[in-house]
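Engineer: I'll drop the sequence and a predicted model, then ask my questions.
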Amino acid sequence: MSKVKPYKDSDLGKKEQVAKMFDNISGDYDGLNRVISFGIDISWRKKVVAIVSEKNPENILDIATGTGDLAINLTETNAKTIIGLDISSGMLEIGKQKIRKKGLENTVELVLGDSENMPFEDNYFDAITVAFGIRNFETLEKGLAEIYRVLKPGGTFVILETSIPTKTPYKQGYNFYTKNILPIIGKVFSKDKSAYKYLCESASVFPYGEAMNNILRKIGFINVNDLPQTFGVATIYTSSK
C-alpha cells in the first residue's frame, strides 16, 4: 500500500501530518462527516456498538477516537470504563466538551496518544474499536500488532472503515461522488483543502474486504469476518484474539 499523506510538500512523517491535519479540521469535522455520509455514519456506529454489546465488556478502548462519537455511543454497552485514544489534541478537546455536556466524565476518558505505541498493559481490554481511523495509521501492521497486544484473549476487535463498492452501478456512482462531489464539499466546509483530498485518496488505496481480512489473520486475529455496509461504501470487520 503506497503511503498517502495529507501534505505532499511537507517533510513531516505521516503520523505528524495526520495529527496536524486533524487539529486543523477539528472544528469542521463532525458537521462534515454528517454531510459526506448523508448521516448514515450514525447507523454504522450503532451497529458497531451492538456487536460490542454482545460481549458485555467491562473496559473498552476506542482508537482514533477523534471527537469521541463512538466512545460516547459505547456507553450504551454499560462498560465500566471507556478510553478514547487519539493523536490530535484539537479533536480530543471537542470530544471532551461533548463528554462534559453529557455528564459522562466518570465513564469516558479521552487520552492523547499514538495508536502504534500505546501506554497500556498487555491483554488489558475486553473490546477495542476503531472507526474511520485505521487508514490513518503510519504503519498499518504495526498498529494492528499493538492492538493485538493490548486486547485480552477472547476479546473483541471491531473496525469500521471506508471501502469501495464492487458492484455496478454502485461502483461507478461511488467513483463519481468521491472524485467530483466530495472535493467540493470539502472546500465549502473546510479551510484545509489538502485534508479532504487526503481523506478521499487514502480511502481509495486502502485494503478492504478479503485483503483486510488477510492482514488481520496475518497479525494473529481469529474469527475474522467482514460485513459490507450501504452497498459497500463502508465495511465493519469483526475479529478476536
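Structural biologist: Sure, I can see it.
Engineer: distance from the helix or strand bottoming out on mean pLDDT in the chain to the middle of the chain?
Structural biologist: Across the helices and strands of the chain, mean pLDDT, DSSP states H and E gives its lowest value to helix 182-189, namely a mean of 75. In this view, helix 182-189 has its centroid 21 Å away from the chain centroid, taken as C-alpha atoms, centre = their mean, to the nearest Å.
Engineer: what's the answer for stretch 63-78, then?
Structural biologist: On C-alpha atoms, centre = their mean, the centre of stretch 63-78 falls 11 Å from that of its chain.
Engineer: could you do stretch 91-107 as well?
Structural biologist: With C-alpha atoms, centre = their mean, you get 18 Å for stretch 91-107.
Engineer: ok, and what's touching it?
Structural biologist: With contact meaning C-beta atoms under 8 Å, 6 or more residues apart in numbering, stretch 91-107 is reached by 22-23, 26-27, 29-30, 65-69, 71-72, 75, 79-82, 84, 86, 108, 110-112. To be clear about C-beta, it is placed using only N, CA and C from the backbone, and glycine gets the same treatment.
Engineer: check the average confidence over that stretch, would you?
Structural biologist: The average pLDDT for stretch 91-107 rounds to 97.
Engineer: give the buried residues for that stretch.
Structural biologist: Neighbour counts over stretch 91-107 (16 or more other C-beta atoms under 10 Å) mark 91, 92, 94, 95, 96, 98, 99, 104, 107 as buried.
Engineer: in the chain, where's the longest helix?
Structural biologist: Ranked by residue count and defined by DSSP state H, the top helix of the chain is helix 14-36.
Engineer: buried sites along the next helix or strand after that one?
Structural biologist: Going down the chain from helix 14-36, the next helix or strand is helix 40-53, by DSSP states H and E. Within helix 40-53, the residues scored as buried using 16+ other C-beta under 10 Å are 41, 44, 45, 48, 49, 51, 52.
Engineer: can you give the contact residues for the helix or strand just after helix 40-53?
Structural biologist: Tracing the chain past helix 40-53, the next element assigned as helix or strand by DSSP H and E is strand 59-63. By C-beta under 8 Å, 6+ apart, the residues outside strand 59-63 that reach it are 52, 68, 70-71, 74, 77, 79-86, 115, 120, 124-131, 133-134, 147, 150.
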